[in-house]
Each structure stands twice: as structure tokens, then as C-alpha cells.
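Chemist: turn this into a model:
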Amino acid sequence: MSALSRRRFLGLTGGAMGALATGGCVTAAPAEPVTDGSVGLRFWTHDPSYTATFQAALGDRDIMRGSPYAPSLEVTAAAGTDLLTRTITQFMADGAPPDLLGIIISEFPRVMKGGLAESLFLDLTEIAEPFGDDLLRRSPYTVDGRLYGLDSDTSISVLYYRPDEFARAGLPADAATWEDMLDIGGRLNEATGKSVGMVSNGDNTSLYNTYLQVLVQRGGSPFDADGALTIDTDESVAALDLIQRGVANGAFLVVGDPYGAAAAAAIKSGLLVALTMPSWYRVYGLEANAPEQAGQWRLRTLPRFEDGGHIAANLGGTGFTVSAVNPGREAALDLLRRVYLTPEGQLLRFQTGGFLPTLRSLYTAPDFTSFRDEFLGGQESFLEYARAADDLPEFFLSANNEALVVAMGAPLLGLYAGDLTPAQVIRAATDSYRRQVRP
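Modeler: Numbers count the residues shown, from 1 in each chain. This is a model prediction of the structure:
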């Protein structure tokens, strides 16, 4: 366990495993790594698509060519919110966490303090460095300038829309700016009761994600690279103003859960004729809930803000990490590199699980540009994804991420109701955050 004592480790993780802290300041040295041959790897994930992808990679000669290892996977599936807790518990119990662990992005801030990431996971900075800016989505998994996770998907947020519904209403679907789209959405809602977007008024996480997606597109970030809070900005005001105006004129439909029954019903019934969501929502939100609408949806890059920002955003993600202490760590690192940092591996990930490339240069590669999405009416979707990837915003997380999620909840409800201005939301959330996070 590198230089971090077990007692200190337990303190940093909230004491959840206090009963295991009988060893005082005993530390666990990493086991000698396996250098070649057969090796069993413990693989923990919340999504069967990741299991299918890695299993397929093990049988792919192009991907595994030249590897000194012959890995096999011992798979454990659990809820994404449980995996990191179980990993820490396992580490403390016997010093043997999973060799490969997929951490959903909202859980990663838990290891962004006190050397936890360094103690649990291998530093991936060196294997990522040769790719420079071509490798996307590094910032959320970076701690003190070092990279500890490789994201499985760029999770590019785009505008999904129903061109038939826009045409039926005599309205354009190609609005260049959000200001124009809000006007179009307001007119559509007044005439038909339909909306061109959705926001959540459910739990704190759903409320916060509504704000985060818009903030990132506008060019803001909830934190800076050092973990300092950065929501008191012009970008944040613009994001909140867009949300408030969209709710007020009906352009945005308010739902409790963007992944729940209300959103599904709005999609199936045609109340939602457009929505801003990440690439993975195409499968898990649209096709899963309204398969009969195959061929009726398209995607495009997001309308711009008149005052700046990007034509894309991000939301969600899963970063894969490698244990820093297990004997199979070098084999796990070799496999992760082959699946996540080679063109062959990235193509396999897309073909097996629908995961978008995290190497920017692949968005114009023929293997991807030739893809036609049948659910989207045969659209060559990478023509739009490539434009988005070239303008993908960067944002940062913090060890205090959960405090901000809680702090934003009630003020955002006040914003939806028209009781608070964007400036008041920022002030209330900042005050709440400061009360939770003491210097």
C-alpha cells in the first residue's frame, strides 16, 4: 500500500472499514508481478458490455499479437455505486483488490484525496503520454497531474431530434444557437405541448447533471485543475439562464428522472421531439424505450451559445483502472493498453459495446466514418461526432464533488420555479458548499 498507512487510509475513506484497522500503521507492499504466461485477472464492472468487450479482445489475434501474457478474466458484476466501496473493503481485508476495475465517473472523486488513487491504482500517465491531445477525457481521472483511469467512451452530448415532428410543425431543426432553439421550442410547446429538451427535478444527482451538461458546453467547469470551486463565472450564469428560460417557455420538459418512466413515456408519446444527451443515451434511452421509433430520430451537434462555448458537451463515463499491488498488474496494464490505446481495440469497443473512440484522430478513420446507424435512419453519425470531438470541452472534478452535488439541489429547484435568479443560485450553492467543505 505504498506510503499510506492502513489507519490513515481508513480515515480518508470515512472509516467505513474501521473494524479492519487492527494493524495500526502496517503497510502492504505490492506483490511481485507476473512477467509472462497465463494469468487470471479479477475484472469488476457494472456493465456487461465491458465484459463482452474485454472477453472479445482476448480472442482477437490482432489486438493480442505480441503480448507476453495469456490472460483470463474472473468477472464480478455489481452496481456502479458499490464497486469502489467493495474494492476498498477488499484491499483492506487481504490486500487484493480487482486487477481491472471500471469506476463510474461520479464515484472517482472519492479517491482524489490523501494519496488514495496512488495507493490503489497504477499511474497511467506514461502509457497515455505519447498520444498527447489526441487522447480525450483525461482530466476527470487525473489527480495531482497524474492519470489513474482511462475512460471507456467520450460520452459526447449531442442533440437527438425528430425531423418529422419539426417538419410537421413547420419549424426548422437546424437552429445554430440555443437562443434560436429556445424560441423554436417555445413556439412548438405553445402550439402542440411538445418540447425540445428535458431537465430533471428528481434527486440531487439528476438536478446537478442537468446543470453540469449545460455548464460544460458553455465552456465552464465546476472545479479547476487544482480542485478549487469555479461555479461563480459568466459561463455558469449563462448555463443557468438557458435552463431557466427553457423551463419557463416550455421548450424544456421537466422530468423526475431522465432514465425513468416519465422520460420514457415522453419519448414514446412524442412529447419530446428533441433532447440533449450523451452518445450512450441513443441505446439506453431512445432505442430501449421506443424501439418502434427506429428511423425517426437523427443526431446533430449542439446549438451554440451566442456568447461562446462549444458545439458539444460531456456527461457520464466509466474509467478503467489497474490495481497497483496485485501480481497480475502488468498483465492487466498490457490488456488495458491494447483495448483502450490501439486503433484495433477502439474499433472493437465500438463494435461490441457502442463505445465512441477516445482517440480524436479515429473520428475520421474509414472504419468509423463508414458506419451507418440504422436506428437513426441510416445516418452516418460520425460526420457529426467528428465535429463534436474537435470541439470537445474539458472539465475537472474534485475530491469535494459530492458536496457540490448536494449544494446545487435546492437552488436548482428554485431556478426551475422562477423563485431564484442564476446569480442567486450560484450564491446559495456556494454558501452551502463552503459550509460543507472547510479549508
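Chemist: contacting residues around the residue lying closest to residue 143 once chain neighbours are set aside?
Modeler: Leaving aside its sequence neighbours, residue 143 sits nearest to residue 117 (C-beta to C-beta, 6 or more residues apart in numbering; 4.6 Å). Any C-beta I mention is one placed from the backbone N, CA and C, and that applies to glycine too. Shown in contact with residue 117 (C-beta atoms under 8 Å, 6 or more residues apart in numbering): 111, 143, 146, 148.
Chemist: can you tell me the element residue 117 falls in?
Modeler: For residue 117, the host element (DSSP states H and E) is helix 116-120.
Chemist: for that helix, what is the distance to the chain centroid?
Modeler: 21 Å (C-alpha atoms, centre = their mean, to the nearest Å).
Chemist: C-alpha coordinates for it, CSV please?
Modeler: The C-alpha atoms that make up helix 116-120 are tabulated as CSV, following Å, rounded to 0.1, in the frame of the first residue of the first chain:
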residue,chain,number,x,y,z
LEU,A,116,-5.8,7.1,-2.3
ALA,A,117,-5.6,6.9,-6.0
GLU,A,118,-1.9,6.5,-5.8
SER,A,119,-2.2,3.7,-3.2
LEU,A,120,-4.9,1.8,-5.1
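Chemist: give the rounded mean pLDDT of that helix.
Modeler: Mean pLDDT, helix 116-120: 93.
Chemist: let the chain start at 17 from now.
Modeler: All right, first residue 17 from here; so that's helix 132-136.
Chemist: what comes up buried for that helix?
Modeler: By neighbour count on 16 or more other C-beta atoms under 10 Å, the buried set for helix 132-136 is 132-136.
Chemist: after it, which helix or strand is next?
Modeler: helix 141-144.
Chemist: okay, domains of the protein per the record?
Modeler: As given by automatic domain parsing, the domain ranges for the chain are 22-170+332-380, 172-330+410-452.
Chemist: reformat the ones you listed as a markdown table; add distance to residue 388.
Modeler: Shown next, in a markdown table, are these (distance: least, C-beta to C-beta, whole Å):
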| stretch | distance to residue 388 |
| --- | --- |
| domain 22-170+332-380 | 13 |
| domain 172-330+410-452 | 12 |
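Chemist: lowest average pLDDT across those domains?
Modeler: domain 22-170+332-380 - the lowest mean pLDDT of the domains of the chain, at a mean of 88.
Chemist: what about the helices in the stretch 17-166 of the chain?
Modeler: 22-28, 64-74, 77-80, 96-110, 132-136, 141-144 (DSSP state H, counting those that start in this stretch).
Chemist: those helices: which one's closest to residue 208?
Modeler: Among the helices of the stretch 17-166 of the chain, helix 64-74 comes nearest to residue 208, with 36.3 Å by C-beta to C-beta.
Chemist: got the buried residues for that closest one?
Modeler: The neighbour-count check on helix 64-74 (16+ other C-beta under 10 Å) flags 65-67, 69-70, 72-74 as buried.
Chemist: now, which of the residues you listed sits nearest residue 195?
Modeler: Nearest member of those to residue 195, counting by C-beta to C-beta, is residue 65, at 37.5 Å.
Chemist: that closest one touches residue 367, doesn't it?
Modeler: No - when contacts are counted by C-beta atoms under 8 Å, residue 65 is not listed as touching residue 367 (11.2 Å).
Chemist: residues touching residue 166, list them.
Modeler: 140, 144, 157, 335-336, 352, 356-357, 374.
Chemist: oh, that last question was meant for residue 449, not what I typed.
Modeler: 245, 416, 419-420, 423.
Chemist: again, only this time at 10 Å
Modeler: 238, 245, 247, 416, 419-424 (C-beta atoms under 10 Å, 6 or more residues apart in numbering).
Chemist: and the host helix or strand of it, what's buried?
Modeler: Here residue 449 sits within helix 438-452, counting by DSSP H and E. Using 16+ other C-beta under 10 Å as the test for burial, helix 438-452 gives 438, 441-442, 444-446, 448-449.
Chemist: could these go into a markdown table alongside distance to residue 322?
Modeler: Listed next are the buried residues of helix 438-452 as a markdown table, based on distance: C-beta to C-beta, whole Å:
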| residue | distance to residue 322 |
| --- | --- |
| 438 | 16 |
| 441 | 21 |
| 442 | 21 |
| 444 | 27 |
| 445 | 25 |
| 446 | 26 |
| 448 | 31 |
| 449 | 29 |
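Chemist: which of these lies closest to residue 389?
Modeler: Closest to residue 389, out of all of the buried residues of helix 438-452 and judged by C-beta to C-beta, is residue 438, at 36.2 Å.
Chemist: the closest residue to residue 265 other than its chain neighbours: how many residues sit nearby?
Modeler: Among residues not flanking residue 265 along the chain, residue 202 sits closest, at 3.6 Å (C-beta to C-beta, 6+ apart). The tally of other residues near residue 202 (other C-beta atoms under 10 Å) stands at 19.
Chemist: how about residue 88?
Modeler: 12.
Chemist: got the CA positions of stretch 262-271 in PDB?
Modeler: What follows is stretch 262-271, C-alpha atoms only, in PDB (Å, rounded to 0.1, in the frame of the first residue of the first chain):
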ATOM      1  CA  GLY A 262     -36.200  26.900 -21.400                       C
ATOM      2  CA  VAL A 263     -38.300  25.700 -18.500                       C
ATOM      3  CA  ALA A 264     -40.300  28.900 -18.400                       C
ATOM      4  CA  ASN A 265     -41.400  28.800 -22.100                       C
ATOM      5  CA  GLY A 266     -42.000  25.100 -22.300                       C
ATOM      6  CA  ALA A 267     -39.000  24.400 -24.600                       C
ATOM      7  CA  PHE A 268     -37.600  22.100 -21.900                       C
ATOM      8  CA  LEU A 269     -39.800  19.400 -20.200                       C
ATOM      9  CA  VAL A 270     -39.200  18.900 -16.500                       C
ATOM     10  CA  VAL A 271     -39.000  15.200 -15.600                       C
END
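Chemist: before I go, just wanted to say thanks for your time.
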